[in-house]
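Trainee: Based on what follows, work out the 3D shape:
(2 chains)
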Amino acid sequence: MKNSVKINGDVEQISLTQELKDFIKLWKSKPGNLIMVLHQVQEHFGYIPESTAFEVARLLNVPVAKIFGVITFYHFFKLTKPGRNKIAVCLGTACYLKGSGDILNEFSRQLNVEIGETTADGEFTVEAVRCVGCCGLAPVITFNGEVVGRVSSKDVSGILEKYMI
Amino acid sequence: MAFKNYILVCAGTGCESDGALKINEEFKTQLEELGLDGEAQLVKTGCFGFCAQGPIVKILPDETFYVMVKPEDVKEIIEEHIIKGRPVERLLYDKEQKTIKSGVEEIDFYQKQFRIVLRNCGLINPASIDEYIAREGYGALEKVLFEMTPDDVITELEKSGLRGRGGAGFPTFRKWMFSKGVESDQKYIVCNADEGDPGAYMDRSTLEGDPHSVLEAMTIAGCTVGADTGYIYIRAEYPLAIERLENAIEQATEYGLLGENILGTDFSFTIELRLGAGAFVCGEETALLTSIEGNRGMPTTRPPFPAVKGLWGKPTVINNVETWANVPVIILKGGDWFGNIGTETSKGTKVFALTGKIKNSGLIEVPMGTTLREIIYDIGGGIPNGKKFKAAQTGGPSGGVITADYLDTPIDYQTLADLGSIMGSGGLIVMDEDDCIVDVAKFYLDFTVDESCGKCSPCRIGGRTLYNLVDNLTKGLGAEEDFDKMLELSKAMKTASLCGLGQTASNPVVSTLKYFKDEYMAHLAGTCPAGKCKDLVNYSIIADNCVGCTACARRCPVQAITGVIKGVHVIDQTKCIKCGQCVAACKFKAVLVG
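Mentor: As a prediction, the model looks like this:
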């Protein structure tokens, strides 16, 4: 569905924190714990570093293949580190009809980055998201989680300037 | 001590992101500074529904309704309204600019609405169980535990005629009855809060505004079918709803309304949250259950239905948020009362997220059988900017369009199905003449293709092929025989796909082909009447109209427009990215789209 998985690529070795290990211990006996554990890992790191998936596999006694199967199935889980700033443009129907597709392209053009990817300097990730649920404010983007409503593509440079400082 | 005034500040997601939190803080600080915090009580409520006019502040007991409030307005509201008792007129909602409308009942947006599901949204503080209890909350649970047998509960549900609000409309009492009838050492209750339909936020607002109503209903179901564990499967993208649910579960447990020996009886019930992770297919019940089990959220064949064999193979009652929120009211007021509202085939009300090209976008609840005209024109205020209504879309990626000819059809499960659409979960998107119907069909297909889990080939391959055919049309590469291919593929997908996603994925295409064949034909001939399909559109400047103001050249993001001041400008077609900004910038109608 998304995310290409590079196993044993030249990625940083990141380990689970003690807190995360404790969380896993707490959830180990509960059936269906994997997704909740992955949420916790992603909340801590901002993504799921590859090396931690192996640790989770060992601690939960689940095959690594299953873990990557689950991570790559769900849009929410990321295997690559997001940029310092996350720009998400809502492509829900209400926003789309009001031109959010153009807004998305404008961010991608101005930052010179493909949709769903991060700029080379690691500053910005531009992604398309499904319905933020603020359809009354359409078109909507979120900038580092903060909702900005009634945006138009001519506001893009202004928004970027505001956050670049 | 009774308060003289109550200040209700909407803390739904829409208003919060528009500054409602700051407004609430302002009120808090200023009331404290003036020593008025004993006289006026500040309440952070759930969604009022009138999102287009947010942030909203309502003052009780006089029901004054302030719209588009800014933090700097707080001082004036306190000084004028709270202290002197005079409403701040400039903040009142006044659509016609003629009469001043201050109360909720006077505002058109609310007049045709009837609130069962949203009964507490915008009225109580969702973080306080006491306020829920004060509004008869947990009264239904008490009634079920002490006055009713499980069969009584099911009879009331049957009398009510309540059908599943997630989209398919399966009679709720049957699900409960099937589960109750199965012998099992373990049963489960599940709430489907994986609202994935783009352009819809009914469930989110219900959970944010009135979380206890869902907890109470699930507990009632647990008591009725003999389950002791409930799960709420909610999108991780809804942090505010998650926070309020967690808080509500904690409070209910503290009050003995959840947990061991509820209200001193031998009935025990716990509820836990499980987070979704952004997979639309998980809204399908069998996929959702697979996801709770910690797997890739792929659907399984039915039968067996979850009511008989669901979560971890055990009988499971799974209902959508809106369905749950109806249950306590049905128990308290009786199935007959509920059954009197609505139409022959569809009882009660329906919550819609009214969005798109509509003046009053927001969250509305209307009795089943309300016509689309009443929703769009009376409640929604019509189409903005004097544009013409083109179509309304219900049911999201699984639904279809309703055209102007059918505006007076009373909306219920049956009539929508007859029109080739579905009720769906409640997204209602209004399109005007500027929207391209082929582009919209493509938009929905793109969504379902991306969200297909890939398990069965009719959906995986059929969806992609169908998308390619529509995509070709938008690029001027279509062929006449493609229309037959589209319909044939759609039929195969509908018949052979494993789950609801694949079975309905072709609906947007079939429905738009039925009502807007001429627009498809125009694309076939190489033009997009709405000017949305970029490959079929060229931008050029009409020399006679151009005054050389340079507005377009300055706005063009790729410097494709050249020309000197007071001279005719020219668009370089090789550089043009067809963003349409020059059209917006030109005040002289000098940019030709076509």
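
Trainee: what's the nearest residue to B:Val144 if we skip its chain neighbours?
Mentor: B:Ile220 (5.0 Å; Cβ to Cβ, 6 or more residues apart in numbering or on different chains). For the C-beta atoms, the positions are set from N, CA and C on the backbone; glycine is no exception.

Trainee: now the residue of the stretch 401-550 of chain B found nearest chain A, which residues is it bridged with?
Mentor: Nearest residue of the stretch 401-550 of chain B to chain A: B:Ile429, at 5.0 Å (Cβ to the nearest Cβ). B:Ile429 has these beta-bridge partners by DSSP bridges: B:Thr355, B:Gln393.

Trainee: Could you measure from it over to B:Val117?
Mentor: B:Ile429 sits 20 Å away from B:Val117, taking Cβ to Cβ, to the nearest Å as the criterion.

Trainee: what about the closest residue to chain B within chain A, which SS state?
Mentor: Nearest to chain B in chain A, going by Cβ to the nearest Cβ, is A:Gly136, at a distance of 2.6 Å. Three-state assignment for A:Gly136 (DSSP: H, G, I helix; E, B strand; the rest coil): helix.

Trainee: Count the residues that sit near the closest residue to it other than its chain neighbours.
Mentor: Nearest residue to A:Gly136, sequence neighbours excluded (Cβ to Cβ, 6+ apart): B:Cys51, at 2.6 Å. For B:Cys51, the count of nearby residues is 30 (other Cβ atoms under 10 Å in any protein chain shown).

Trainee: list the contacts for B:Cys51?
Mentor: By Cβ atoms under 8 Å, 6 or more residues apart in numbering or on different chains, the residues touching B:Cys51 are A:134-137, B:12, B:14-15, B:361-363.

Trainee: what's the burial count for residue 142?
Mentor: In the absence of a named chain, this looks at chain A. 20.

Trainee: Switch to chain B, please.
Mentor: Neighbour tally, B:Glu142, other Cβ under 10 Å: 16.

Trainee: Regarding it, which helix or strand does it belong to?
Mentor: Element membership for B:Glu142, per DSSP states H and E: helix B:139-146.

Trainee: hang on, the earlier thing: for chain A, see how far away the residue nearest to B:Val144 is.
Mentor: According to Cβ to the nearest Cβ, to the nearest Å, B:Ile220 and chain A sit 24 Å apart.

Trainee: Over to B:Ser128?
Mentor: For B:Ser128 relative to chain A (Cβ to the nearest Cβ), the value is 23 Å.

Trainee: Got the confidence number for the residue of the stretch 401-550 of chain B closest to chain A?
Mentor: On the pLDDT scale, B:Ile429 is placed at 95.

Trainee: Next, count neighbours for it.
Mentor: Quick note: B:Ile429 (other Cβ under 10 Å) scores 31 neighbours.

Trainee: ok, now which ones touch the closest residue to chain A within the stretch 451-594 of chain B?
Mentor: Closest contact between the stretch 451-594 of chain B and chain A, by Cβ to the nearest Cβ, is at B:Cys579 (5.7 Å). By Cβ under 8 Å, 6+ apart, the contact list for B:Cys579 reads A:102, A:105-106, A:153, B:557.

Trainee: Where neighbours are concerned, which of the residues you listed has the most?
Mentor: Ranked by neighbours (other Cβ under 10 Å), those are led by A:Glu106, which has 26 neighbours.

Trainee: Using the three-state scheme, assign the residue of the stretch 451-594 of chain B closest to chain A.
Mentor: coil.
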